[in-house]
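Enquirer: Give the three-dimensional model of this entry:
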Amino acid sequence: MRPRTIRGQLMGGLILFEILVLVILSVLIFQEQRQELQSRTDQRLEYQASTIALQSGTALEDKQLSSIEHIVNAMRAAPGIRSVQITDMRGRTLVSNGPEAKGGMSLSPYERTFLHELSKPAIFWSAPHAREAVAPIRIHGELQALVWIYPDDSRDRKQLQSLMRITLFSAVLAIAACTLFASFMAGAIARPLGVLMQATRKLVHDPEDTSSFPIPVSSANEAADLTLAFNLMVASMAEQRAGLNDTLALLDSMLANAPIGFAFFDHRLRMVRVNQFLARMNDLPVSRHLGKAIEDVFAPAAASRLSAGIKQVFHEGYAVRDLELLNEEPGQLPAAGVSDARSWLANIYPVRTDTQTVRWVGVILVETTERRRAEEVLRKSEKLAATGRLAASIAHEINNPLEAVTNLLYLIRHGELDRNSMQYVELAQDEIVRMSEITQQMLRFYRQSTKPVLSNVCALLDSVMALHQRRAAALQIEIVRSYKSDVELFCFSGEMRQLLNNLIANAIDAMTPGGGRLSMRVQQVRRHPLSGSAGVRVTVADTGSGMSREVRRHIFEPFFTTKEDTGTGLGLWVSAEIIQKHKGSVSIRSLARNENGRGGWTVFSLFFPSDLEQMLQSEAVELQPSDAV
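Expert: The predicted model follows:
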């Protein structure tokens with residue numbers, strides 16, 4: 001199995017290389033020593049064979065076989081000789097110190113080939129691993145016999161084995177020494193790499209943790225260069241990450257605090273990121289948006305159009321601009337009294353990871369609910385203004401024939417009439433006077449003053465009440481007035497009359513059809529408990545149906561109304577603007593009727609400061625109606 005570490009690979013490679021070199025070196029040394037030993041053996045055998053042949057030739061010429069036997073036996077004691085024999089040219093043994101029988105035929109077929117002709121000593125292999133030496137014995141130049149020497153190679157084998165043992169021992173020592181050296185070298189190389197690897201793994205585990213860097217460098221080799229390069233790379237990455245984090249922090253801050261909604265969708269039309277403003281738009285936390293489909297967050301009508309726009313951007317790759325979304329069916333406007341009717345303007349754009357692929361789709365949402373409501377308020381206000389102008393024109397036109405009718409009735413009254421006719425004329429005169437007062441009140445509503453003037457609050461209240469007198473009487477509503485006639489206030493009289501008319505009309509509507517009591521009070525206030533200034537307090541109270549806490553929270557919103565058939569939802573909204581314009585304040589206390597239809601009441605308490613001219617130069621006080629039981 002291949003080592004996985006540089007240290008193991010280096011040590012394993014060095015050991016294998018050493019073993020291979022030592023094996024080759026040992027084989028070469030063994031071959032060289034064996035050849036050298038064989039060469040020495042051959043030289044020795046040749047010398048010994050020549051010596052015996054020379055000595056034996058002299059003894060054989062003198063017919064002294066005993067001398068030859070003595071020579072042969074003496075050679076047996078020589079090192080490296082197993083046996084010696086002398087044969088004649090027919091192969092019969094003449095003298096031998098081995099097991100060969102004297103006079104016998106002991107030569108092998110191959111050995112007998114040397115009987116025919118041999119001019120000098122010869123060394124040959126008679127059998128595998130069996131060498132022999134043969135030398136001719138000549139007498140007077142004629143070949144008379146042959147000397148055969150059979151060497152003993154056990155000594156040579158022992159020398160070779162000893163050489164092998166020395167070689168193996170030297171190889172083991174060399175491998176051990178090289179292993180120690182390789183281990184030291186591998187440790188010196190792998191140690192800085194190990195430190196680098198440990199620091200790298202720590203950085204991979206936590207990319208923000210660079211406490212292990214820079215790694216100390218204690219050498220001047222390639223590993224040190226690699227460590228220095230890695231230190232520079234980590235420092236550069238940390239600097240880039242810091243810049244990227246700063247950029248992301250700026251982008252996150254922009255997304256979180258932008259006054260518009262941001263959302264990003266994947267191919268499954270699920271939200272992958274939204275900002276806090278969009279979450280507040282939907283009254284849901286950011287976590288409730290992530291991974292959700294569009295239908296889980298938006299109303300069906302708005303979700304349908306938004307989904308179609310996102311799919312179009314994914315398919316075509318182009319932005320969709322100014323897509324209007326409504327949480328109602330398209331074409332419907334926020335209805336009166338419906339406070340949750342909302343609208344948005346969406347801009348949808350592609351987010352690409354390269355020049356071709358659309359990875360996400362971004363949506364910028366701007367809520368236009370208030371703008372649409374303001375536009376609707378403006379339209380209705382224009383209608384009301386046009387209606388007011390028309391009513392004023394009609395009142396003005398009615399005044400002319402009323403004046404003529406009044407003159408005619410005056411002439412009739414001074415003529416000769418019976419008693420009954422005179423009563424009818426007086427009744428007609430009274431109705432004409434009442435009609436004239438109504439037309440005058442209508443003209444006063446339309447003729448708005450451009451500057452605040454000193455007005456009698458009680459007279460304004462009476463003039464408004466005169467318009468509702470007949471209706472209140474028909475509903476059996478008891479009118480209770482608690483004020484004097486000398487309370488004056490510096491105000492815009494036309495707008496103040498409109499404000500009082502809205503409160504009285506709402507009070508009468510609340511007591512329809514069961515009747516009740518309408519109480520009106522006007523009083524001077526020397527010191528208001530909150531502002532500390534002097535002024536006038538106007539209180540309008542009724543015993544009608546009352547209001548719940550939820551209704552009280554929305555009564556000053558445009559288009560909010562509890563009178564679905566007849567209400568516009570603009571009366572109290574306009575009234576709040578008038579109160580704020582006069583730097584006033586309002587306190588509302590109300591109790592809704594119980595299940596049995598009893599116990600309901602409402603009290604509007606208005607306060608207006610006396611020094612309006614001075615306060616017009618200061619900041620307007622925010623209108624905050626109090627919740628009361």
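Enquirer: Show me the helices in the stretch 501-629 of the chain, by range?
Expert: 549-554, 571-581, 612-615 (DSSP state H, counting those that start in this stretch).
Enquirer: Off-centre distance for the second one?
Expert: Relative to the centre of its chain, helix 571-581 is centred 48 Å away, using CA atoms, centre = their mean, to the nearest Å.
Enquirer: So the chain: which segments form each domain?
Expert: According to automatic domain parsing, the chain comprises the domains 6-159, 258-367, 370-447, 451-629.
Enquirer: Could I get the average pLDDT for the shortest one?
Expert: This means domain 370-447. Confidence over domain 370-447 (mean pLDDT, whole number) is 72.
Enquirer: do the first one as well
Expert: Within the predicted structure, the mean pLDDT of domain 6-159 is 78.
Enquirer: swap in the longest one?
Expert: For domain 451-629, mean pLDDT rounds to 82.
Enquirer: Of all the domains of the chain, which one is nearest Pro216?
Expert: domain 6-159 (19.8 Å; CB to CB). Bear in mind the C-beta positions are built from the backbone N, C-alpha and C, glycine included.
Enquirer: For the closest one, what is the distance to the chain centroid?
Expert: On the basis of CA atoms, centre = their mean, domain 6-159 sits 92 Å off its chain's mean C-alpha point.
Enquirer: which helix of this protein spans the most residues?
Expert: helix 6-61 (DSSP state H).
Enquirer: Mind giving me the packing neighbours of it?
Expert: Under the contact criterion of 3 or more CB pairs under 8 Å, 6 or more residues apart in numbering; DSSP states H and E, helix 6-61 touches helix 65-76, strand 81-88, strand 122-127, strand 130-139, strand 142-151, helix 154-205.
Enquirer: can you put the ones you listed in a markdown table and add mean neighbour count?
Expert: Listed next are the helices and strands packed on helix 6-61 as a markdown table, based on neighbours: other CB atoms under 10 Å:
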| stretch | mean neighbour count |
| --- | --- |
| helix 65-76 | 16 |
| strand 81-88 | 20 |
| strand 122-127 | 14 |
| strand 130-139 | 20 |
| strand 142-151 | 21 |
| helix 154-205 | 14 |
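Enquirer: Which one of those lies nearest to Ser548?
Expert: Proximity to Ser548, assessed across those by CB to CB, is greatest for helix 154-205 (59.0 Å).
Enquirer: Against which helices or strands is that closest one packed?
Expert: Helix 154-205 packs on helix 6-61, helix 222-257, going by 3+ CB pairs under 8 Å, 6+ apart.
Enquirer: out of these, nearest to Leu163?
Expert: So among the helices and strands packed on helix 154-205, helix 6-61 is nearest, using CB to CB, at 5.5 Å.
Enquirer: between the closest one and helix 222-257, how big is the angle?
Expert: 160 degrees (axes from the mean of the first three to the mean of the last three CA atoms, to 10 degrees).
Enquirer: about what we covered before: could you export the helices and strands packed on helix 6-61 as CSV, including distance to Asp542?
Expert: Output for these, formatted as CSV (distance: least, CB to CB, whole Å):
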stretch, distance to Asp542
helix 65-76, 156
strand 81-88, 150
strand 122-127, 144
strand 130-139, 145
strand 142-151, 148
helix 154-205, 73
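Enquirer: so how many other residues sit close to Val525?
Expert: 15 (other CB atoms under 10 Å).
Enquirer: That one: what's it in contact with?
Expert: 534-537, 607 (CB atoms under 8 Å, 6 or more residues apart in numbering).
Enquirer: try 6 Å this time
Expert: Val525 makes contact with 535, 537, according to CB atoms under 6 Å, 6 or more residues apart in numbering.
Enquirer: Could you report the separation of it from Lys583?
Expert: According to CB to CB, to the nearest Å, Val525 and Lys583 sit 14 Å apart.
Enquirer: ditto for Lys311
Expert: 53 Å.
Enquirer: With respect to Asp283, which of the helices and strands packed on helix 6-61 lies nearest?
Expert: helix 154-205 (40.0 Å).
Enquirer: How far off centre is that closest one?
Expert: Offset of helix 154-205 from its chain centre (CA atoms, centre = their mean): 51 Å.
Enquirer: My guess is Ser605 contacts Ser587. True?
Expert: Yes. The pair Ser605 / Ser587 is scored as a contact, 4.4 Å apart, by CB atoms under 6 Å.
Enquirer: element containing Glu117, please.
Expert: For Glu117, there is no enclosing helix or strand under DSSP states H and E.
Enquirer: So what does it look like in phi/psi?
Expert: With angles defined as degrees, to the nearest 10, Glu117 sits at phi -150, psi 130.
Enquirer: ok, for it, nearest residue in space, not its chain neighbours?
Expert: The shortest distance from Glu117 to any non-neighbouring residue, by CB to CB, 6 or more residues apart in numbering, is to Leu143 (7.9 Å).
Enquirer: what does Ala145 give?
Expert: Nearest residue to Ala145 in three dimensions, chain neighbours excluded: Ile137, at 4.1 Å (CB to CB, 6+ apart).
Enquirer: so the one you found makes contact with Ala59?
Expert: No. The pair Ile137 / Ala59 is not scored as a contact, 9.7 Å apart, by CB under 6 Å.
Enquirer: Number of residues surrounding Val363?
Expert: 25.
Enquirer: For it, which residues are in contact?
Expert: 263, 346, 348.
Enquirer: Inside helices: which ones of those?
Expert: Under the assignment DSSP H, the contacts of Val363 contribute nothing to helices.
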